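Trainee: Everything below, folded, please.
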Amino acid sequence: MLYRAEGIVIRSMDYGEGNKIITLCTKESGKVGVLVRGAKKVKSRHAALTQLFTYGEYVFFRNGTGLGNLNAGEIMESHHRLREDLVKAAYASYACELLDRVLQDEETGAFWFHQLKACMEALQEDKDPQIIINLYEMKILQAAGYGPELDVCISCNQTRKDEDMLVSPRLGGVLCRYCKHLDPPAMSVTPRTLKLLRLFGRLDLRRLGNVDVKDETKAELKTVMRALMDMQLGLRLKSQNFLDQMDKYNI
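Mentor: Here you go, the predicted model:
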């Protein structure tokens, strides 16, 4: 059967002597694997369609739920600026690998596609990459069913002052100081960081404007989101290790 789908390349790997297999996050069919024959050859007309981060329209033959075979394609946005910038490429790679690991094959829903597309566009527009990725991570957590409870204490269900709230990555939400004994390692956060986390919970990435966040707040935000991601999803990503190395050497 012939399929036509808008998709973003989230993974690209060599296959055999001259071919590539790409994984697309598509708007219509979720995550799809497609074989691109001859993509490694110098004169291949499909080579550009296999590059990571490429957004395009892909036409492929597919029987059942197996691997598709590319027939034709058209690039709608190459996102070459992401591949040419080390920092942007690192964050974009993390966004793609994270989605690849969380999104199951054939899991439909345009939400994943739209959030990834918005993430790529925001990175290319020179918005703060850490803020973009932290917001993207929040959307991933929510879509996967692990969105944190940030408005009321996850234990006693009471609304407290922000100054009396901590974040419990293990319990998946905020914990008031009266319930801290349930999770002693719960993290103290400033009211400013807690407000940003709530904003991330409500905001769609497609509506992200230019956000100016103080360095100390960004550092706290990054620590909290990393803890939530590690505890709730427990993924070990190569791209995350590279981002950690970038931080270590202040790249």
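
Trainee: can you map out the strands along the stretch 51-200 of the chain?
Mentor: Counting by DSSP state E, counting those that start in this stretch, the stretch 51-200 of the chain has strands at residues 55-61, 68-77, 165-168, 173-176, 187-188.

Trainee: show me what contacts the residue nearest the centre of the chain?
Mentor: Ranked by distance to the mean C-alpha position of the chain (Cα atoms, centre = their mean), the top residue is Ala95 at 3.4 Å. Under the criterion of Cβ atoms under 8 Å, 6 or more residues apart in numbering, the contact partners of Ala95 comprise 116, 119-120, 123, 133, 136. The way it works is simple: take the backbone N, C-alpha and C, and place the C-beta from them, glycine included.

Trainee: what do you get for Cys179?
Mentor: For Cys179, the set of contacting residues under the criterion of Cβ under 8 Å, 6+ apart consists of 153, 155-156.

Trainee: of the residues you listed, closest to Pro191?
Mentor: For the contacts of Cys179, the closest approach to Pro191 (Cβ to Cβ) belongs to Cys153, at 15.3 Å.

Trainee: mind listing what the closest one touches?
Mentor: Taking Cβ under 8 Å, 6+ apart as the test, what Cys153 contacts is 159-160, 165, 173-176, 178-179.

Trainee: Now with 7 Å, please.
Mentor: With contacts defined as Cβ atoms under 7 Å, 6 or more residues apart in numbering, the neighbours of Cys153 are 160, 174-176, 179.

Trainee: returning to that earlier point: ranking the contacts of Ala95 by neighbours, who comes first?
Mentor: The member of the contacts of Ala95 that has the most neighbours, counting by other Cβ atoms under 10 Å, is Cys119 with 28 neighbours.

Trainee: Does that residue touch Tyr136 like I think?
Mentor: Yes: if you go by Cβ atoms under 7 Å, Cys119 and Tyr136 touch, sitting 4.8 Å apart.

Trainee: count of neighbours near Gly234?
Mentor: Counted by other Cβ under 10 Å, the residues lying close to Gly234 total 7.

Trainee: Just confirm it is within a helix.
Mentor: No: with DSSP: H, G, I helix; E, B strand; the rest coil as the criterion, Gly234 is coil rather than part of a helix.

Trainee: Got the phi and psi for it?
Mentor: Note on Gly234: backbone dihedrals following degrees, to the nearest 10 are phi 60, psi 40.

Trainee: show me what contacts it?
Mentor: Counting by Cβ under 7 Å, 6+ apart, there are no residues that Gly234 touches.

Trainee: tally of neighbours for Gln158?
Mentor: Around Gln158 sit 11 other residues, with neighbours defined as other Cβ under 10 Å.

Trainee: I'd say it and Tyr178 touch.
Mentor: No: judged on Cβ under 7 Å, Gln158 makes no contact with Tyr178 at a distance of 8.1 Å.

Trainee: Chain neighbours aside, what residue packs nearest to the residue located most distally from the centre of the chain?
Mentor: Note on the chain: the largest separation between a C-alpha and the mean C-alpha position, by Cα atoms, centre = their mean, falls on Tyr178 (34.3 Å). Nearest non-adjacent residue to Tyr178, counting by Cβ to Cβ, 6 or more residues apart in numbering: Cys156, 6.9 Å away.

Trainee: Next one: that neighbour, what pLDDT does it get?
Mentor: Looking at Cys156, its pLDDT stands at 97.

Trainee: Give me the phi and psi for it.
Mentor: When read as degrees, to the nearest 10, the backbone of Cys156 gives phi -90, psi -10.

Trainee: again with Gly172
Mentor: phi 80, psi 40.

Trainee: Many thanks, we can stop here.
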